[in-house]
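S.K.: Give me a model of this one.
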Amino acid sequence: MSWDAVTALATVALAIGVPFTLIFQWKGTNRALREARYAQYVTRYQEIFSNLPYNIFAEGNNISQVDEKTKVWLVTYIDLCAEELFDYRRGSIAKQVWEDWAEFIASDFKRSSPLRDVFNEVKGDYRQLNDFLNELRALS
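M.R.: Model prediction:
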């Protein structure tokens, strides 16, 4: 076999192999990014809820019973929910994960008058989340 034939075969092998390698690496990187994003969201959720009163979602609470620090943490939770929704719609959060989270978000908004009240104060900044909550109301 001549060197020209060997060179041609090597070129073809590289032309086929490099794209497959890049795709394989991209999928692995994408999976790792999803896992890192998931861990970041869980960590933020835990931080938020460790700073909220344990009974913030109990029925009967109202906004007059909530101090400013708690309001800030409720806005932080609203922001987290909006980010999760945005990332889900971008395809960065798996459908099953989002379905689980959406169930908890809907439950929190349904049960907590202070959360709804704080959201009503800031909802202009969270159009997508507002649309999502309206979709949930339509389903229930």
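S.K.: List the residue ranges of the protein that fall below the pLDDT cut-off.
M.R.: Applying pLDDT under 70 to the chain flags residues 1, 3-30, 136-140.
S.K.: SS state for the most centrally placed residue in the chain?
M.R.: By C-alpha atoms, centre = their mean, the chain has its centre lying nearest to E84, at 2.2 Å. At E84 the chain is in helix, as set by DSSP: H, G, I helix; E, B strand; the rest coil.
S.K.: check contacts around it.
M.R.: Residues near E84 by C-beta atoms under 8 Å, 6 or more residues apart in numbering: Y41, I93, W98, W101, I105. Just so you know, the C-beta spots here come from the backbone N, C-alpha and C atoms, and that holds for glycine as well.
S.K.: how much space between L80 and F86?
M.R.: Distance of L80 to F86, given as C-beta to C-beta, to the nearest Å: 11 Å.
S.K.: Compare these two (neighbour count), which wins?
M.R.: More crowded of L80 and F86, by other C-beta atoms under 10 Å: L80, with 17 against 14.
S.K.: Touching, that one and Q40? I think so.
M.R.: No - if you go by C-beta atoms under 8 Å, L80 and Q40 don't touch, sitting 10.0 Å apart.
S.K.: Distance check, the residue nearest to the centre of the chain against I63.
M.R.: Using C-beta to C-beta, E84 is found at 24 Å from I63.
S.K.: now do S113
M.R.: Applying C-beta to C-beta, the value for S113 to I63 is 7 Å.
S.K.: just F57 next, same as before
M.R.: When F57 is compared with I63 (using C-beta to C-beta), they lie 13 Å apart.
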